[in-house]
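> Please find the sequence and the predicted model below.
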Amino acid sequence: MDFSGIALHYPKLELISQYEESDLDFITRLAHNNGIYFCDVRGSICFYDSAQRHSSREITFNPNVNNTLNEPCISSVSKLQSLRAHTFSQSSQNALNPFSLESLSLKSDSLLQEGEQNNFTHSLHINEHHYSNESSFTQSSDLKTPITLKEKRLRVIEQSLNAQSNIYDLTLNESITLNFSSSLKENKESLRDFIIIGMEQELINESLLENNFNSNDNAIKKENAKHLKESVTSLMNTEQINKGNESFNPLTQNTSNALESLSSPSSLGKSHSYSNTLTLLPITFSYTPSLKSKPKAPSSTLGVVIGESEDIDGERNTIHTDNFGRVKVRINCFASQEVIDNARVKEQNNVQGKNIENNHSQGTLQNINGNTNTHTQTTNDTLSNTTQTEENIHSQENHTTNNDVENNHSQMKAYSYHYSPYLRVSSPIASISSGLYHTPRVGDEVIVSFFDEDIDKPYISASLYNQSNPALPPLPLNAHQTSLSARTLNNTKETEDTNSSIVESGLNEITLSNIKEKEQIYLQAQRDYEELIKHNFTQKIQNNKDSIVEGAYNERIKKIHTQTIDLAKIVSIGGEYNTNVALSKDTIVGLSHTLNVGASNKLRVAKDSSEYVGEDKSVEIQANLNTSIKQDEIRNVAWNPREVSGGRC
């Protein structure tokens, strides 16, 4: 393939899908929808996207119908015109205030200069409305066909001409110059340089029929005559202008042989004729092929989220995403064609393997006959390739050396084209101001839908449970539950080292149970649980509350702590109980206050200590009482003091 005729720059696209179309149809659609056409030039498929300047071939224009001398010429030029509706008025924006309004012209800088020199004017201007999306996840904000290409295509239809010719060696994309007679030159001077964009050929030659068929077998003659008619009538390029169909094909070998036979001695005296219908475009215009519609995408299809490799089981319950939260998917609707292609490649490899074995056998015989060691080494190297794995043989389609096999082993995904690039994930809420975020994990089954039914715009619209990917609540026992849960991610490194696909058992979960009289909300944090409340927190429990802390319990209140208990409070402490009050401490007991100390009781007051008892006070000491007063003792007894001693005084 020759891409030297591509002059423009085309942005890279993240996804280009081939779906229910052949390889040729796929390449044709991509080329035509970008204004690129291709044709055969001396055995190479050449691609072009702009007007080409080739050396022109001068051809005589002879309108004489008889053409007694069989002069190679173009005998007539015609043009078909029809009324057309205004094509470029549609817009998704307000026509009075479009998002972006741009006047377009087909004239590039080079064409503009030549057009001014040749007095060509382009009066047609089209208003095109663009929708610019700076946050697009692809490098093209709109994957639909640009209106500029539709405008160029319309120009080709309006400017193309049909011509009748008897010259059989003309080729597509060839530049020609019509040589008008002197009487016509004055009016046709501006319409003499053309490029051939279409060709339909017709050949009738009785000598071919006579030399190729058995005259004694009428049945075979009729069947072969039908086959000959199909082979010698070559539709080089049926340029159906109004239908918009083109197909560039090289001159077929059958037609070439048939045309060469016109001048052979065996054809003398036989009736024959050749003519073709050409589609010509003035050379000042760039040819734009007809636009091809994309295959209609399915409304939705199934897929499985994949990771960094194709080993889904080995990477199950892991996350592989990009900066935008997109994931890669194995899309099922592309898998069937891949199976067919892989089977075809496998069959080709089997044939290649047999050829390698045959070559090895021949090489062995030649070695027995005394051939060189170099050839022996080459044959042995070839034989060693046949013992490789199926994947290496797959990559041997065009290579036979060990180095080439290793290099192509990394390109195995060329036959895994149902593995997508990163796809966007739909969410019920998605905004920079609010959102519900979730990243599908490797192994999850998802539903893949398509924006605007465009095969190149897939996205993940939902997820599905299946037998290998069941719901976390055991079913059907817990079918009454509504659960938001996420299992602990697998450690990818450990999975690679142990070659294991065991799924982690840890779980973060919020579950709503909905059985009558047993309604419940269950919250489980597999490890840490944090809350951040930036203002008030109100909690109301209409029945009991049980709280168990198996480790340490730390609480800090930077302001006031008020606690009101309407009935009783019981505090049971298994170890020590320390209270540290930086300032005052007041304790009010409405009724009795009992302090039971199982061992010693010490009261230390750094300064004065006062005690007020409104009525009687009793102190009972089961053993001795020791009082130490470093200074004076003053007692004030309002009535008679009485002291009773049970022992010696």
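Cool, got the structure. Numbers count the residues shown, from 1 in each chain.
> Can you spell out the domain ranges of this protein, please?
In terms of domains, the chain is parsed into 2-81+99-282, 300-470 (source: automatic domain parsing).
> Need the three-state assignment for F334.
helix (DSSP: H, G, I helix; E, B strand; the rest coil).
> a strand runs through K346, doesn't it?
No: secondary structure of K346 (three-state DSSP): helix, not part of a strand.
> count of neighbours near it?
13 (other CB atoms under 10 Å). From N, CA and C alone the C-beta is placed, and that goes for glycine too.
> how close does it get to L170?
Here the criterion is CB to CB, to the nearest Å. By it, K346 lies 43 Å from L170.
> before we move on, the earlier item: lowest average pLDDT across the domains of the chain?
Confidence, taken as mean pLDDT, is least for domain 2-81+99-282 of the domains of the chain (a mean of 67).
> now the end-to-end length of that one.
24 Å (CA to CA, to the nearest Å).
> again with stretch 620-635
20 Å.
> what's the average pLDDT for that stretch?
On average, stretch 620-635 scores 89.
> buried ones in that stretch?
Residues of stretch 620-635 include none that count as buried (16 or more other CB atoms under 10 Å).
> just stretch 333-346 next, same as before
Buried, per 16+ other CB under 10 Å, within stretch 333-346: C333, F334, A335, V345.
> quick one: which two of those residues are the most distant?
C333 and V345 (20.6 Å; CB to CB).
> Now do I167 against L281, distance only.
Counting by CB to CB, the gap from I167 to L281 is 18 Å.
> ok, how many other residues are close to T301?
T301 has 18 neighbours, counted by other CB under 10 Å.
> Sorry, wrong one. I was asking about T511.
T511 has 17 nearby residues by other CB under 10 Å.
> Against S273, how distant is it?
Shown here: T511 relative to S273, a distance of 86 Å by CB to CB.
> Name the residues of the host helix or strand of I197 that are buried.
Assigned by DSSP states H and E, I197 belongs to strand 193-205. Going by neighbour count (16+ other CB under 10 Å), the buried part of strand 193-205 is F194, I195, I196, I197, G198, M199, E200, Q201, L203, N205.
> From what I see, the first one and L170 are in contact.
No: contact between F194 and L170 fails when scored by CB atoms under 8 Å: they sit 11.1 Å apart.
> Give me the common contacts of the two.
Common neighbours of F194 and L170 (criterion: CB atoms under 8 Å, 6 or more residues apart in numbering): I176.
> What is the nearest of the buried residues of strand 193-205 to N323?
I197 (46.0 Å).
> I'd like the distance between the closest one and K534.
For I197, the distance to K534 (CB to CB) stands at 71 Å.
> Then G551?
Between G551 and K534 the computed distance is 27 Å (CB to CB).
> Likewise for A163?
Between A163 and K534 the computed distance is 81 Å (CB to CB).
> With K602 instead?
46 Å.
> go on, R29?
56 Å.
> again with S273
93 Å.
> more crowded one of these two?
Per other CB under 10 Å, whichever of S273 and K534 has more neighbours is S273, with 10 against 5.
> That one: which element?
strand 272-282.
> neighbouring contacts of the next helix or strand after that strand?
Using DSSP H and E, the helix or strand that follows strand 272-282 towards the C-terminus is strand 300-306. Strand 300-306 has contacts (CB under 8 Å, 6+ apart) with 312, 315, 320, 327-333, 419-420, 440-450, 460-461, 464.
> And strand 300-306, what's buried?
T301, L302, G303, V304, V305, I306.
> mind listing what it pairs with, with the direction of each?
strand 327-331 (antiparallel), strand 445-450 (antiparallel) (DSSP bridges).
> need these in a markdown table with mean neighbour count and distance to K585, can you?
A markdown table is the format used below for these (neighbours: other CB atoms under 10 Å; distance: least, CB to CB, whole Å):
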| stretch | mean neighbour count | distance to K585 |
| --- | --- | --- |
| strand 327-331 | 22 | 61 |
| strand 445-450 | 20 | 64 |
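> Rebuild those strands as JSON lines, extending it with distance to G646.
Converted to JSON lines, the strands paired with strand 300-306 look like this (distance: least, CB to CB, whole Å):
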{"stretch": "strand 327-331", "distance to G646": "93"}
{"stretch": "strand 445-450", "distance to G646": "94"}
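> of all those, which lies closest to T627?
strand 327-331 (83.7 Å).
> Output the closest one in PDB, but only the C-alpha positions, please.
This file holds the C-alpha atoms of strand 327-331, laid out as PDB (Å, rounded to 0.1, in the frame of the first residue of the first chain):
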ATOM      1  CA  VAL A 327     -12.500   0.300  32.100                       C
ATOM      2  CA  LYS A 328     -11.700  -2.200  29.300                       C
ATOM      3  CA  VAL A 329     -14.300  -4.700  28.200                       C
ATOM      4  CA  ARG A 330     -14.300  -7.900  26.200                       C
ATOM      5  CA  ILE A 331     -17.300  -7.200  24.000                       C
END
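> Just the residues contacting it, thanks.
By CB under 8 Å, 6+ apart, strand 327-331 touches 301, 303-307, 312, 319-321, 418-423, 425, 439-440, 446, 448, 458, 460.
> swap the cut-off to 10 Å and go again
17, 19, 298, 301-308, 310, 312, 319-322, 416-425, 439-442, 444-446, 448, 458-460 (CB atoms under 10 Å, 6 or more residues apart in numbering).
> same thing with stretch 598-614?
L595, K617.
> hmm, back to that, comparing I167 and L281, which residue is more hemmed in?
Taking other CB under 10 Å, I167 and L281 do not tie; L281 has more neighbours (22 against 17).
> I'd assumed Q52 was in contact with L172.
No: with contact defined as CB atoms under 10 Å, L172 does not reach Q52; the gap is 11.7 Å.
> out of those two, which sits in the more crowded spot?
L172 (24 against 15).
> looking at the sheet around the residue nearest to that one when sequence neighbours are not counted, what are its partners?
Spatial nearest neighbour of L172, excluding adjacent residues (CB to CB, 6 or more residues apart in numbering): C39 at 4.6 Å. Here C39 sits in beta bridges with C46, as judged by DSSP bridges.
> distance of C39 from S56?
Going from C39 to S56 by CB to CB gives 17 Å.
> With neighbour numbers in mind, choose between those two.
C39 (23 against 16).
> mind checking how far the more buried one is from L24?
13 Å.
> Then N640?
Remark: distance between N640 and L24 (CB to CB) = 130 Å.
> Over to H54?
25 Å.
> How about I629?
I629 is 118 Å from L24, by CB to CB.
> Name the residues linked to P458 by a beta bridge.
Note on P458: beta-bridge partners F450, judged by DSSP bridges.
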